[in-house]
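# sequence and predicted structure are below.
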Amino acid sequence: MQSKIAHAAERKAFGVAIDRIIKSASGEDREKNVEHLIDMAGKLLKDTSPGATRGIRKGLYPGSKWENWLFDVIDTTDPNVLRTTVLNGGYEAAFRGLRNTTANAEKYQCNVPWIILFDPTSACNKHCVGCWAADYGNRLNLSYDEMDRLVTEASDLGTHLFMLTGGEPLVRKADVLKLAEKHNDCLFNIFTNASLVDERFCEDVQRLGNVVFSVSLESYEPSVNDGRRGDGSFEEVMRAFDLMKAHGLLYGTSTAYTRENTERVSSDEFFDLIIEKGCRWAWFFHYMPVGEGANADLMPTVEQREYMLHRIREIRGVEGGKPIFAMDFQNDGEYVGGCIAGGRVYCHVNARGDVEPCVFIHYSNVNIRDHSWLECLQQPIFQAYRRHWPWNDNMLQPCPMLENPKILPKIVEESDAKTSEYVAPESAEDLCARVTPYAEEWAPKARELWLAEHPTGRKVYEDEMSQQSVDFKAKVIAEEDAHEEAVIE
């Protein structure tokens, strides 16, 4: 692990590079400074995720769509927000943090995530159809001290990116701001319905700089959006976008696509609206029939899922598409090695403190109120995830529940995990039985699509490091960090 002195020097170097980018007005000077920052990031990513640097370079050529997108972000984002977001989300979480979580995964022989989702509260002022948290009730909360301890212990292991879900996180607005202010080397991404965003709150976020937003939106048509999210929800989101834009904040959208809305939420009209409103990214989540009122008939059809696969990649293409970074949590498994749950990349802590593999997989052995964070990561169900991953070679079938319904019951039984569902607990067998028809229908199409891109049936990486195990990467990182320490001394 890197020493505090080396870390401080490295963070300062990144800060200087970011300041130069913000201050450089001309395109030529800015391009040189951006290239320098990419070089610095590449040195830290080469032993963990070298493909990320290749992707960045591919998109950021002079005059490209993504260079124009980046320059617009630089010109319109509040300087403190931009600098802090890149330092905390880029350097601390993705670059240095990924190295540290990789090293600790080998040290402790368990998955150590570089992203943690947690629910400050189960309370929400909406009751949206299909939301995984809709059945949580409104009486469960993590105290400020519990959230503070979680972030502190996770940061010590290298995690610096935290996503707040719920419930509606901004029901706990004061505690969220207090947490962000204390942990000013972390980035907090709040998934919110935006109804509680106001002028004072935006001013506080602008001052802190380490809070970004993913706002729930289901259509460019007010009546369609409000049909799922409640009357007036669309206008609340539009008003929040305007406030965030005026304060130079960073934000995007979060959308569940279903059989009923897939075409609407991927339409030109939808993307044009959110781009006009200043959104920089768009998360898309395949509807999961989990929890009370779960309805398998709301899942997208095979044809709709294939359409979303092509549509989202078209939108974020190096050429064409739209100037917004779109991501599909289900169809983009190829770019993150398949399933990211169980702490491999991320995990979830609900408002009762149960530590779950995923926001959609409600089974657990431990609670943060009774265990240290490291002990939570070493719980049996996470270790079972670690042993059994990957479930297959086809990353268009990434989930142990949705596309591999025989896997999750095996993991739950093997680990003796208990349901952590608040209102409608069910066995893994019953949950997976609900999605088995979908999995069987999707499987041949997934195989066809995968083989068209990967004729061998396996993803072939452009570099050797991407194919190496966590333990191998950790040893390389340790050797390089030791050499760096020797140079500093």
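Received it, and whenever you're ready, just let me know what you need.
# pLDDT weak spots in the stretch 301-450 of the chain?
Filtered on pLDDT under 70, the stretch 301-450 of the chain yields no residues whatsoever.
# what about 80?
Along the stretch 301-450 of the chain, segments meeting pLDDT under 80 span 423.
# and what of the stretch 151-300 of the chain?
For the stretch 151-300 of the chain, the ranges with pLDDT under 80 are 226-229, 292-293.
# in it, which spans are strands?
With DSSP state E, counting those that start in this stretch as the criterion, the stretch 151-300 of the chain has strands at 161-164, 187-192, 211-216, 251-257, 281-286.
# reformat those as a markdown table; add distance to residue 38.
Using the backbone N, CA and C atoms, a C-beta is placed for each residue, glycine as well. Shown next, in a markdown table, are those (distance: least, Cβ to Cβ, whole Å):
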| stretch | distance to residue 38 |
| --- | --- |
| strand 161-164 | 20 |
| strand 187-192 | 19 |
| strand 211-216 | 21 |
| strand 251-257 | 22 |
| strand 281-286 | 19 |
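# make TSV out of the ones you listed and add mean neighbour count and distance to residue 14.
Shown next, in TSV, are the strands of the stretch 151-300 of the chain (neighbours: other Cβ atoms under 10 Å; distance: least, Cβ to Cβ, whole Å):
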stretch	mean neighbour count	distance to residue 14
strand 161-164	24	16
strand 187-192	24	14
strand 211-216	24	18
strand 251-257	24	23
strand 281-286	21	22
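# of those, which approaches residue 472 most closely?
strand 161-164 (24.0 Å; Cβ to Cβ).
# so what strands line up beside that closest one?
Strand pairing for strand 161-164, using DSSP bridges, gives strand 115-118 (parallel), strand 187-192 (parallel).
# report the mean per-residue pLDDT for the first one.
Summarised as a single mean, pLDDT over strand 115-118 is 98.
# may I see the buried residues of that strand?
115-118 (16 or more other Cβ atoms under 10 Å).
# neighbours of residue 292, just the number please.
14 (other Cβ atoms under 10 Å).
# that one and residue 424 touch, don't they?
Yes: contact criterion Cβ atoms under 8 Å: residue 292 and residue 424 qualify, at 3.9 Å.
# one step back: could you work out the most separated pair of the buried residues of strand 115-118?
115 and 118 (10.6 Å).
# residues shared between the contacts of those two?
Shared contacts of residue 115 and residue 118 (Cβ atoms under 8 Å, 6 or more residues apart in numbering): 162-163.
# give me phi/psi at residue 291?
Main-chain torsions, residue 291, degrees, to the nearest 10: phi 90, psi -180.
# distance check, it against residue 434.
Computed as Cβ to Cβ, to the nearest Å, the residue 291 to residue 434 distance reads 11 Å.
# of these two, which one has the most company?
Shown here are residue 291 and residue 434; by other Cβ under 10 Å, residue 291 has more neighbours (22 against 17).
# surely the more buried one meets residue 424?
Yes: using Cβ under 8 Å, residue 291 makes contact with residue 424 at a distance of 5.8 Å.
# okay, buried residues for stretch 298-305 please.
298-300, 304-305.
# what's the neighbour count on residue 8?
11.
# got a list of contacts for the helix or strand harbouring it?
Taking DSSP states H and E as the criterion, residue 8 maps to helix 4-23. Here helix 4-23 makes contact (Cβ under 8 Å, 6+ apart) with 2, 30, 33-34, 36-37, 40, 74, 79, 82-83, 86-87, 90-92, 95-96, 481, 484-485, 488.
# looking at those, which are in helices?
30, 33-34, 36-37, 40, 74, 79, 82-83, 96, 481, 484-485, 488 (DSSP state H).
# type out the ChimeraX command that picks the buried ones from these.
To isolate the buried ones among the ones in helices among the contacts of helix 4-23 in ChimeraX, judged by 16+ other Cβ under 10 Å, type:
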select :30,33,34,37,40,74,82,83,96,481
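# which single one of the ones in helices among the contacts of helix 4-23 is nearest to residue 195?
For the ones in helices among the contacts of helix 4-23, the nearest to residue 195 is residue 82 (26.2 Å; Cβ to Cβ).
# adding distance to residue 391, write the strands paired with strand 161-164 out as JSON lines.
Formatted as JSON lines, the strands paired with strand 161-164 follow (distance: least, Cβ to Cβ, whole Å):
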{"stretch": "strand 115-118", "distance to residue 391": "20"}
{"stretch": "strand 187-192", "distance to residue 391": "26"}
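# out of the ones you listed, flag the one nearest residue 413.
Of those, nearest to residue 413 by Cβ to Cβ is strand 115-118, at 24.9 Å.
# chain center to the closest one, what's the gap?
Put simply, strand 115-118 sits 8 Å off its chain's centre (Cα atoms, centre = their mean, to the nearest Å).
# just stretch 214-230 next, same as before
That offset, for stretch 214-230, works out to 21 Å (Cα atoms, centre = their mean).
# for the stretch 351-489 of the chain, which segments count as strands?
With DSSP E, counting those that start in this stretch as the criterion, the stretch 351-489 of the chain has strands spanning 355-356, 363-364, 418-419.
# now distance to residue 430 and mean neighbour count too, for those, in CSV please.
Rendered in CSV, the data for those read as follows (distance: least, Cβ to Cβ, whole Å; neighbours: other Cβ atoms under 10 Å):
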stretch, distance to residue 430, mean neighbour count
strand 355-356, 17, 24
strand 363-364, 12, 26
strand 418-419, 10, 15
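# distance to residue 23 added to those, as TSV?
As requested, the strands of the stretch 351-489 of the chain are arranged in TSV below (distance: least, Cβ to Cβ, whole Å):
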stretch	distance to residue 23
strand 355-356	43
strand 363-364	48
strand 418-419	53
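# what about residue 209, distance to residue 87?
With Cβ to Cβ as the criterion, residue 209 and residue 87 are 9 Å apart.
# oops, could you answer that again for residue 253 instead?
24 Å.
# got a list of contacts for stretch 217-234?
By Cβ under 8 Å, 6+ apart, the list of residues contacting stretch 217-234 reads 126-130, 193, 195, 216, 235, 237, 253-256, 261, 264-265, 267, 269-270, 272-274.
# please indicate which of those residues are buried?
So, by 16+ other Cβ under 10 Å, the buried ones in these are 126, 128-130, 193, 195, 216, 237, 253-256, 261, 264-265, 270, 273-274.
# how far away is the nearest residue to residue 289 once chain neighbours are set aside from residue 111?
For residue 289, ignoring the flanking residues on the chain, the nearest one in space by Cβ to Cβ, 6 or more residues apart in numbering is residue 296 at 4.6 Å. Between residue 296 and residue 111 the computed distance is 30 Å (Cβ to Cβ).
# which one's more surrounded, those two?
residue 111 (25 against 15).
# element containing the more buried one, please.
Using DSSP H and E, no helix or strand contains residue 111.
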